[in-house]
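1. I need the structure of the sequence given here:
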Amino acid sequence: MLETMATPRPEPVPLHEHAMDNLRYIRRTLERAGEFTAVPGIGGMLMGSTALVAAWIAGPRTSAPRWLAVWLVEAVVALLIGIAGAAIKSKRVRIPLLSGPGRKFVAGLAPAMLTGAVLTLVLFRQGVPGVLPGVWLLLYGAGVVSGGAASVRVVPAMGAFFMLAGAVALFLPAASGDLLLAAGFGGLHIVFGTIIAVKYGG
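-> Sure thing, here's the model as predicted:
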C-alpha cells in the first residue's frame, strides 16, 4: 500500500495546452475546408492594366514573333503580380498562401496554364497564331473556374466570362482576337479585380 502511494504519478497536462491543441486542429480543418480568399483584387486590377499596355504595344499582327514575345512577357509579369498580390493579401488576413484552399486553387489553375504554354508553341510553329487569343482566353477561364471552386463565388464567375470571350474569339475573324485579348485580360481583370477589392478586402 505504501509502495503504491509512493509511486510518482504523471504530471497532468495543463488545460490551456489542450485548448491550444484543439484550436490548432480547428484552424487546420477550416483551412482545408474553407475558401481561398487571398485572390488579389488590386493585383487583378494591375494585371488588367498591364494587359492593356501589352495589347497596345503588341498591335494586331498575330503572326509576328514580336507580337508573341510581348504577350509572353505580359504573361510572366501578370503571374508575378498575381503571386505577389496573393502573398500580401494572405499575410494581411493571416492565412498561409498555400493553405488547403490555396493548394486547391493552384491545382485547378496550373494544368490549364501548362496546357496553354504547350499549345502556344505548337500553334505558333504550325503557322496558326490567329487562334491563340481564343485559346489563351478559353484555357485561362477554364483554369480560373476550376481553381475558383475553392475560392469566393465571384472568381469562378470571372473564369466563365473569360471562357465566353475565348469561345467568341475562336469563332470570329482572327483580326478581332486582339480586341478580345484587351477586353478579356485587360477589361475583365480590372472589372472583377475591382469587385474583389471592394467586396473581399483588397
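2. please count neighbours and contacts with C-alpha atoms only from this point.
-> Fine.
3. okay, now the unreliable bits of this protein?
-> Screening the chain residue by residue with the criterion pLDDT under 70, one finds the ranges 1-38, 93, 95-101, 202.
4. how about the helices in it?
-> Ranges of helices within the chain are 2-6, 15-33, 41-58, 65-92, 100-125, 132-148, 154-171, 177-181, 189-200, based on DSSP state H.
5. could I get these as TSV with mean neighbour count?
-> What follows is these, written out as TSV (neighbours: other C-alpha atoms under 10 Å):
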stretch	mean neighbour count
helix 2-6	7
helix 15-33	12
helix 41-58	22
helix 65-92	17
helix 100-125	17
helix 132-148	26
helix 154-171	21
helix 177-181	22
helix 189-200	19
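6. just give me how far stretch 57-69 sits from the chain centre.
-> In terms of C-alpha atoms, centre = their mean, to the nearest Å, the centre of stretch 57-69 is set 25 Å apart from its chain centre.
7. please apply the same query to stretch 64-73.
-> 22 Å.
8. state the distance from the closest residue to residue 149 other than its chain neighbours to residue 103.
-> With C-alpha to C-alpha, 6 or more residues apart in numbering as the criterion, residue 149 has its nearest non-adjacent residue at 6.4 Å, and that residue is residue 156. Residue 156 is 16 Å from residue 103, where distance means C-alpha to C-alpha, to the nearest Å.
9. check residue 144 too.
-> Taking C-alpha to C-alpha as the measure, residue 144 and residue 103 are separated by 13 Å.
10. now do residue 113
-> Here the criterion is C-alpha to C-alpha. By it, residue 113 lies 15 Å from residue 103.
11. what's the answer for residue 201, then?
-> With the distance defined as C-alpha to C-alpha, residue 201 ends up 21 Å from residue 103.
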